[in-house]
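Colleague: When you get a sec, could you give me coordinates for this:
(one chain, ligands or ions: 1)
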Amino acid sequence: MTGVGTASGQETWDGEPLAISAYGLSVTRGRTRVLADVSFGVPRGAVVGLLGPSGCGKTTLLRCVMGIQTGVGGHVQVLCHGAGARALRTRVGYVTQAPSVYGDLTVLENLQYFAAALGLRGWQRENAVVRVIKEVDLAACADRTVKRLSGGQYSRVSLAVALLGAPDLLVMDEPTVGLDPLVRRELWEVFARLGRAGTTLLVSSHVMDEADRCDRLLLMREGRLLASCDRTELLAHTGTCSVEEAFSRLVTSGKGSDEPAVTAGAKVSALRDTLATTRSLSFFPEEFGA
Ligand SMILES: Nc1ncnc2c1ncn2[C@@H]1O[C@H](COP(=O)(O)OP(=O)(O)OP(=O)(O)O)[C@@H](O)[C@H]1O
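Modeller: Purely as a prediction, here's the structure:
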């Protein structure tokens, strides 16, 4: 453990710079405690899977990272800024579960519209549109109306929109839900390509076998983090052969535990010490809502 560095304002996790560091996240929605004391780090350039059953709090956690969740306790730092900071608006892309593109426009029209909304003009706008079409392999359907696309193509359009600002971090909420296995695989290949090009990806899913595609895993259940590690560490720690089996093992063995079952305790305490003592890490930054 090389510690979590603060001198330069850059958090690290075992020497790796972090894109996201969160400590002690708690959220209550209505009367439900949706997140309870969640702490984790996401290394820069990693493809990280946020996995857990429906309703366990994945969307809520992603909303905390985006700085759009109200009633949050704890700290989240994203690319060295408080979550939701104005400086992150073009550096973080967010693909929500809800439809976020216009069905009656073509792919190209959607991309041009959202590029203009980002403030891109002239050749910069055209370059951004051409770049994202290439990144997500949409050239063949660029002139097609979005409502006539297949589920997989539609997901790619949402992804393309999120990539227009060339974000350093891409946060995606169940982007593969409802897609058939082949299309899911193709989409994960796009994510892997983006990861290799240096983008950090935080991708939620309730399909455990998607863990195979991730560099690191955050396993959640009922608002708590069960594990924060890579797949090999998870399988070794639980003595299992699949992430699904490992998840069940953790649920059985970790009932009532306040600590994630698989994570280096020293890492979490280092995160706590850093985040709790750094003034700039207040969860709601001054810029929030500005
Ligand atoms: N606006 C809300 N008010 C009250 N409770 C809410 C609200 N939104 C979500 N919840 C509750 O918070 C819990 C976590 O929801 P969340 O959407 O974060 O889970 P999820 O893991 O993303 O689920 P899914 O995989 O089905 O999208 C659920 O019990 C849900 O019912």
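Colleague: Quick check: whichever residue of the stretch 151-290 of the chain sits closest to the ligand vs N110, distance?
Modeller: For the stretch 151-290 of the chain, the nearest residue to the ligand under the criterion C-beta to the nearest ligand atom is H206, separated by 5.1 Å. From N, CA and C alone the C-beta is placed, and that goes for glycine too. For H206, the distance to N110 equals 27 Å [C-beta to C-beta, to the nearest Å].
Colleague: go on, R249?
Modeller: Counting by C-beta to C-beta, the gap from R249 to N110 is 44 Å.
Colleague: Name the nearest residue to R91, sequence neighbours excluded.
Modeller: Computed as C-beta to C-beta, 6 or more residues apart in numbering, the closest residue to R91 that is not its neighbour in sequence is D168, at 5.0 Å.
Colleague: Give me the neighbour count for the one you found.
Modeller: For D168, the tally of surrounding residues (other C-beta atoms under 10 Å) stands at 18.
Colleague: Please tell me I have it right and it contacts T199.
Modeller: Yes - under the criterion of C-beta atoms under 8 Å, D168 makes contact with T199 at 6.6 Å.
Colleague: What residue in the chain is the furthest from its centre?
Modeller: What lies farthest from the middle of the chain is G122; by C-alpha atoms, centre = their mean that is 30.8 Å.
Colleague: picking up where we left off before, need the contact list for the residue nearest to R91.
Modeller: Counting by C-beta atoms under 8 Å, 6 or more residues apart in numbering, D168 touches A19, R44, L79, R91, V92, G198, T199, T200.
Colleague: which ones among those residues are found in strands?
Modeller: Using DSSP state E, A19, V92, T200 are the members of the contacts of D168 that sit in strands.
Colleague: show me what contacts the second one?
Modeller: The reference is to V92. M66, V78, L79, P167, D168, L169, L170, V171.
Colleague: count of neighbours near the third one?
Modeller: Just to be clear, that refers to L79. Neighbours of L79 (other C-beta under 10 Å): 20.
Colleague: Quickly note the distance from it to the ligand.
Modeller: According to C-beta to the nearest ligand atom, to the nearest Å, L79 stands 23 Å off from the ligand.
Colleague: Please apply the same query to D137.
Modeller: Taking C-beta to the nearest ligand atom, one finds D137 at 26 Å from the ligand.
Colleague: Run through the residues that contact that residue.
Modeller: D137 sits next to R156, V190 when contact means C-beta under 8 Å, 6+ apart.
Colleague: is the residue nearest to the spatial centre of the chain in a bridge, and if so with what?
Modeller: Nearest to the mean C-alpha position of the chain, by C-alpha atoms, centre = their mean, lies L202 at 2.4 Å. Under the criterion DSSP bridges, L202 forms beta bridges with V48, V171.
Colleague: In the helix or strand harbouring P17, which residues have enough neighbours to count as buried?
Modeller: Assigned by DSSP states H and E, P17 falls within strand 16-29. If you call a residue buried by 16 or more other C-beta atoms under 10 Å, then strand 16-29 has these buried ones: P17, L18, A19, I20, S21, A22, Y23, G24, L25, S26, V27.
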